[in-house]
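K.L.:
build me a structure from this.
(2 chains)
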Protein chains: 2
Amino acid sequence: MNELVGGIEAGGTKFVCAIGTGPDDVRAIERFPTTSPEETLQRTIQFFKDQSTELGPVAAIGVGSFGPVDPHLNSSTFGYVTSTPKPGWKDTDVVGPLCNALGVPVAFDTDVNAAALGEWRWGAAKKLDCFIYLTIGTGIGGGGMINGHLMHGLIHPEMGHVRIPHDLSRDPYPGHCPFHGDCLEGLAAGPAIGERWGQPAEEFPDDHPAWELEAEYLALALVNFLCTVSPQRIIIGGGVMRPHLFEPVRKKVQELLAGYVDSTSITDEIDTFIVPPGLGSQAGVLGAIALGQRLCNS
Amino acid sequence: MNELVGGIEAGGTKFVCAIGTGPDDVRAIERFPTTSPEETLQRTIQFFKDQSTELGPVAAIGVGSFGPVDPHLNSSTFGYVTSTPKPGWKDTDVVGPLCNALGVPVAFDTDVNAAALGEWRWGAAKKLDCFIYLTIGTGIGGGGMINGHLMHGLIHPEMGHVRIPHDLSRDPYPGHCPFHGDCLEGLAAGPAIGERWGQPAEEFPDDHPAWELEAEYLALALVNFLCTVSPQRIIIGGGVMRPHLFEPVRKKVQELLAGYVDSTSITDEIDTFIVPPGLGSQAGVLGAIALGQRLCNS
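P.N.:
You can find the predicted model right below:
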């Protein structure tokens, strides 16, 4: 496992590329904005080419991508970003150009599954069989591991698009999702908060009333994920998920469950049940490295 | 796999006990009402004792139980029904008395996970890695398999207790769940339908307006399960899930997803994506047999 591996956190807003072997050994890292697929992938390829002259070749690359994606190895569109509304990126082959230009095996999954893998290997999900990783930012995404495998199925989870109760008399905001209006992402992602209050969410002080509503929506979604999957832990990252939000979210989850899920993890130890990523904002790119490492001989 | 195995569908309303090797080979079956734990387990034990003189001994027994249950093998309360509101059954050891009295290994899981296993082995989920099994009856339960394993985690899924949008101006019924009021089960299980309309649900004709509302609530929940787990199929059984409900549920799921989950399984083949159990009303007890078979040497 000491071979150098590349990781690419392919986000809808920015790409993060890194080379290393783990959280204590990141040899190179670069961030740049996500523009057109051609330009962005070209810049990614250039990063690895430039670095390889200095650091030597990488044994594999892992990509954790914004989505929806096709993560099925035996599919003809494996490694593609598929039905995304992001301009220019619909049906874009991400893995193919990287493989061809760099000549190394490339592993591919959703950004949230990659981050989940990173947390499982080095962060807040060590030794867990079953956990969920959520990110609350410009969008809302979720992934995780069940029985020690990353969550895949028909395609992959799209946890941001669950429907939750929305009391229009209290919050008349119709929601921001172009597909579903007031799904979770439509009500609780960064742009929804900003649009509801007419001001970017990142400018709000911690005591802004936006956060009480945000904690309630997140707690409703968490209760649903918990009742559906029964995870041993829920990790929440992303730019919108500020530290002060954890306490009201935890409290509201307990209140909504009303003692029905009879586990001390929820009744007594919720501070270690709903937690921030152990790897902080590097969960994504380190997870991509962890994804790539699975292609190497151990 | 030709050894005789016992199966117990331990429901909150009735117990079904059977002995056999699969759907085409059920040698004995008996149904009786669920009364006190002592009386009900005694009657169960008597069934297996009586039958063993005729059919010979069973190699193992599987139990699919109403819940919540403790399915963790290494727990001190493995095989218990735990925090159920059902009078007399809270913290009841189910596996212990059966093991002691019958002297055979006993496998134990939720009723819905057992039914899911039966469907995977012989019914509508053959060869699938990832699917969900739901039952809509006196309560609503859900289980399934992910990556070829039955769904467990912190405890086990409690899919009946997810929160879904509830438009009080259209449906002022406050919900029937003693824990959560208008969670899915509180809005859409049999007793909720009956109470809302002042008449038992089973007496309603197929064109009763209750079913349109029912289809909508079920579709909202299905969309949430689908976005959370990404199953390859959803199987729905239970007394409330009448055949005429499948079409409106499928249509509403497509409408709610609005093309976001880009899979022909949903856009073109939803008739084979949301389906009734292949084993019909015997999914539960056959699944319990399948559960018991996993304890036998193959």
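K.L.:
now the helices for chain A?
P.N.:
With helices called from DSSP state H, chain A shows them at A:37-55, A:95-102, A:111-122, A:184-188, A:190-197, A:210-229, A:246-257, A:264-267, A:283-293.
K.L.:
and chain B, which of those is closest to it?
P.N.:
Closest approach to chain B among the helices of chain A (Cβ to the nearest Cβ): helix A:210-229, 4.4 Å. The C-beta positions use only the backbone N, C-alpha and C, and glycine is treated the same way.
K.L.:
would TSV of the helices of chain A with mean pLDDT be doable?
P.N.:
Shown next, in TSV, are these (pLDDT from 0 to 100):
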stretch	mean pLDDT
helix A:37-55	97
helix A:95-102	97
helix A:111-122	98
helix A:184-188	98
helix A:190-197	96
helix A:210-229	98
helix A:246-257	98
helix A:264-267	95
helix A:283-293	97
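K.L.:
could I get those helices as a markdown table with mean neighbour count?
P.N.:
Formatted as a markdown table, these follow (neighbours: other Cβ atoms under 10 Å in any protein chain shown):
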| stretch | mean neighbour count |
| --- | --- |
| helix A:37-55 | 16 |
| helix A:95-102 | 17 |
| helix A:111-122 | 28 |
| helix A:184-188 | 27 |
| helix A:190-197 | 20 |
| helix A:210-229 | 24 |
| helix A:246-257 | 18 |
| helix A:264-267 | 14 |
| helix A:283-293 | 29 |
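K.L.:
possible to save these as JSON lines with distance to residue B:89?
P.N.:
JSON lines is the format used below for those (distance: least, Cβ to Cβ, whole Å):
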{"stretch": "helix A:37-55", "distance to residue B:89": "58"}
{"stretch": "helix A:95-102", "distance to residue B:89": "53"}
{"stretch": "helix A:111-122", "distance to residue B:89": "37"}
{"stretch": "helix A:184-188", "distance to residue B:89": "35"}
{"stretch": "helix A:190-197", "distance to residue B:89": "44"}
{"stretch": "helix A:210-229", "distance to residue B:89": "21"}
{"stretch": "helix A:246-257", "distance to residue B:89": "21"}
{"stretch": "helix A:264-267", "distance to residue B:89": "21"}
{"stretch": "helix A:283-293", "distance to residue B:89": "43"}
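K.L.:
which one of those lies nearest to residue B:254?
P.N.:
Of all those, helix A:184-188 sits nearest to residue B:254, with 18.6 Å by Cβ to Cβ.
K.L.:
ok, residues contacting the closest one?
P.N.:
Applying Cβ atoms under 8 Å, 6 or more residues apart in numbering or on different chains, the contact partners of helix A:184-188 are A:136, A:139-140, A:159-164, A:166, A:171, A:173, A:175-177, A:180, A:192, A:214, A:217-218, A:221, A:240.
K.L.:
quick check on these: which are buried?
P.N.:
A:136, A:139-140, A:159-164, A:166, A:173, A:175-177, A:180, A:192, A:214, A:217-218, A:221, A:240 (16 or more other Cβ atoms under 10 Å in any protein chain shown).
K.L.:
now do the residue sitting furthest away from the middle of chain A against chain B, distance only.
P.N.:
Taking Cα atoms, centre = their mean, the residue of chain A most remote from its mean C-alpha position is residue A:169, at 31.8 Å. Between residue A:169 and chain B the computed distance is 9 Å (Cβ to the nearest Cβ, to the nearest Å).
K.L.:
out of the contacts of helix A:184-188, which touch chain B?
P.N.:
When Cβ under 8 Å from any Cβ of the partner chain is applied, the members of the contacts of helix A:184-188 adjacent to chain B are A:159, A:160, A:161, A:162, A:163, A:164, A:166, A:180.
K.L.:
and these, which two are furthest apart?
P.N.:
Greatest spatial distance among these (Cβ to Cβ): A:159 and A:166, at 16.8 Å.
K.L.:
enumerate the residues of the stretch 101-250 of chain A near chain B.
P.N.:
Residues of the stretch 101-250 of chain A lying near chain B (Cβ under 8 Å from any Cβ): A:129-130, A:142, A:146-147, A:149, A:151-166, A:179-180, A:220, A:223-232.
K.L.:
first-to-last residue distance for stretch A:173-190?
P.N.:
Distance between the two ends of stretch A:173-190: 14 Å, counting by Cα to Cα, to the nearest Å.
K.L.:
stretch A:146-155 too?
P.N.:
Using Cα to Cα, the two ends of stretch A:146-155 sit 15 Å apart.
K.L.:
next: stretch A:235-242.
P.N.:
This stretch, stretch A:235-242, spans 13 Å end to end (Cα to Cα).
K.L.:
also stretch A:204-215?
P.N.:
End-to-end span of stretch A:204-215 (Cα to Cα): 14 Å.
K.L.:
repeat that for stretch A:269-287.
P.N.:
Using Cα to Cα, one end of stretch A:269-287 lies 26 Å from the other.
K.L.:
stretch A:75-87 too?
P.N.:
24 Å.
K.L.:
anything in it near chain B?
P.N.:
Yes - residues of stretch A:75-87 contacting chain B under Cβ under 8 Å from any Cβ: A:82, A:83.
K.L.:
next one: stretch A:9-22
P.N.:
No - Stretch A:9-22 lies apart from chain B when judged by Cβ under 8 Å from any Cβ; the minimum separation is 15.4 Å.
K.L.:
tell me which residues in that stretch are buried?
P.N.:
Buried-residue list, stretch A:9-22, by 16+ other Cβ under 10 Å: A:9, A:10, A:11, A:12, A:15, A:16, A:17, A:18, A:19, A:20, A:22.
K.L.:
what residue lies at the spatial centre of chain A?
P.N.:
Per Cα atoms, centre = their mean, the C-alpha nearest to the average position across chain A is that of residue A:112, at 2.7 Å.
K.L.:
check contacts around the residue nearest to it when sequence neighbours are not counted.
P.N.:
Distances taken as Cβ to Cβ, 6 or more residues apart in numbering or on different chains put residue A:143 closest to residue A:112, at 3.6 Å, once the chain neighbours are dropped. For residue A:143, the contacting residues are A:109-110, A:112-116, A:132-133, A:150-151, A:156-157, A:159, by Cβ under 8 Å, 6+ apart.
K.L.:
any idea what residue A:143 is bridged to?
P.N.:
residue A:133 (DSSP bridges).
K.L.:
can you tell me which residues contact the residue nearest to residue A:271 when sequence neighbours are not counted?
P.N.:
Once flanking residues are discounted, residue A:271 sits nearest to residue A:250: 6.7 Å by Cβ to Cβ, 6+ apart. Counting by Cβ under 8 Å, 6+ apart, residue A:250 makes contact with A:270, A:271, A:273, A:274.
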